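Peer 1: compute the structure for the input listed below.
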Amino acid sequence: MIIDKWLISKDSLEKLFNVLKKDSKKIYAPVGRNGKISFRETDRFGEIDTGYIQTAQSSKEVVFPRTEKILDYNKNKDGVSVKGFDPGSIPEVVLWGVRPCDAMGIWKLSAIFNWDFKDEIFNTRLSRVTVVGFSCARADEYCFCTSAGGGPGNTEGSDILLTQLGENGDYLAEILTEKGSAIVTIASELFRENTVLNKEQFLADVPVRFDREELRVKLEKIFESGCWTKQSLRCLGCGACAYVCPTCACFDIQDEAHGGSGMRVRCWDSCGFSLFTLHTSGHNPREVQSQRWRQRIMHKFSYMPDRLSVYGCTGCGRCSRACPADMNMLEHLISIQEAEA
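Peer 2: Modelled structure (predicted):
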């Protein structure tokens, strides 16, 4: 729900950044290094990339790190002592420059981590993240956010969404949550009265390519279809698609021991890996890649909407950009919708 709308000048963005930096918050923003743009901690406004279409990695690592410690343990003659998660170790963070597809991804992750069990670590991280989103003025052939229920100016997941009003214009600031209002309060001199009625003309044109509700119905009928084998022939099972995805949340739990002490960590995993469903007995219920590819699509476009009332895809297109075998998610989804049941 939009609380308020303001305007902020292009020249005032650096001032806003510096206000947030002085407010004792870590800032993660899109920064280019070695030819790739990724979300990194930064304290310099000048190194932020403002014109990117998509970062190589999503922003989910801020709320769901690639590897994170769950607990420490120590074995001694009296037994085992355990030191659990310390909420005070999680810093306040501003996630700056996030595109709407990534912001929506954070919202979808929240549905996953609060389904049948409320994950304390995830929720603590999320409570201490403020999302400053930026609408998209450009898109490429991989973008399909409008087909996934979002859009280049979608507000879901952002605390503030900034939309530039023309190439060198001011920014419309949509204040969407109490966290967003708090930013306006500490930097009130940078915001002025809004006079813009419609932001749509300043957004990228991303045509709808398929109907996700129709796709969902189709998926219920083609579980045994040969299309899964055909689509997965090039799949290497490398997991790149899951690791760049803003909504993939599969993880593994591992213990790292050093003598009588160690720690338990949660680390990213992928249903595309051949070992993901391997049983101790040696049986694997998804023993071939076509079954694992089917699981990926079914999970995002059938199982998640059934169980969580959200779709597991934001249409960011990263999976297609990152795939070393040139598997294009958008093309496959269109093919599935058009296939005969």
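
Peer 1: next helix or strand past the host helix or strand of Glu214?
Peer 2: Assessed by DSSP states H and E, Glu214 sits inside helix 212-219. On the C-terminal side of helix 212-219, the nearest following helix or strand under DSSP H and E is helix 227-232.

Peer 1: show me what that next one is packed against.
Peer 2: Other helices and strands packing on helix 227-232, by 3 or more C-beta pairs under 8 Å, 6 or more residues apart in numbering; DSSP states H and E, are helix 289-298, helix 329-338. The way it works is simple: take the backbone N, C-alpha and C, and place the C-beta from them, glycine included.

Peer 1: just the CA atoms of the helix or strand that the first one is followed by, as PDB, please.
Peer 2: In other words, helix 289-298. Toward the C-terminal end, the helix or strand that comes next after helix 289-298 (DSSP H and E) is helix 304-308. Once non-C-alpha atoms are left out, helix 304-308 reads as follows in PDB (Å, rounded to 0.1, in the frame of the first residue of the first chain):
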ATOM      1  CA  MET A 304       4.200 -22.600  -5.000                       C
ATOM      2  CA  PRO A 305       1.000 -21.000  -6.100                       C
ATOM      3  CA  ASP A 306      -1.000 -23.900  -4.700                       C
ATOM      4  CA  ARG A 307       0.800 -23.900  -1.300                       C
ATOM      5  CA  LEU A 308       1.900 -20.300  -0.800                       C
END
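
Peer 1: now helix 304-308, how far from the chain's geometric center?
Peer 2: Offset of helix 304-308 from its chain centre (C-alpha atoms, centre = their mean, to the nearest Å): 17 Å.

Peer 1: same question for stretch 266-276.
Peer 2: On C-alpha atoms, centre = their mean, the centre of stretch 266-276 falls 17 Å from the chain's centre.

Peer 1: go on, stretch 73-91?
Peer 2: 30 Å.

Peer 1: span of that stretch from start to end?
Peer 2: Taking C-alpha to C-alpha, to the nearest Å, the first and last residues of stretch 73-91 lie 23 Å apart.

Peer 1: I'd assumed Met329 was in contact with Cys235.
Peer 2: No - with contact defined as C-beta atoms under 8 Å, Cys235 does not count as touching Met329 (11.6 Å).

Peer 1: neighbour count winner among the two?
Peer 2: Set side by side, Cys235 and Met329 show more neighbours around Met329, with 23 against 17, by other C-beta atoms under 10 Å.

Peer 1: which of the helices and strands in this protein ranks last by mean pLDDT?
Peer 2: strand 79-83 (a mean of 90; mean pLDDT, DSSP states H and E).

Peer 1: export the helix or strand that it is followed by as PDB, just CAs?
Peer 2: Later in the chain than strand 79-83, the nearest helix or strand by DSSP H and E is strand 93-98. Presented in PDB, the C-alpha positions along strand 93-98 are these (Å, rounded to 0.1, in the frame of the first residue of the first chain):
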ATOM      1  CA  VAL A  93      21.100  -2.800   5.900                       C
ATOM      2  CA  VAL A  94      19.900  -0.600   3.000                       C
ATOM      3  CA  LEU A  95      19.500  -2.400  -0.300                       C
ATOM      4  CA  TRP A  96      19.900   0.400  -2.800                       C
ATOM      5  CA  GLY A  97      19.100   0.400  -6.500                       C
ATOM      6  CA  VAL A  98      17.100  -2.800  -6.600                       C
END
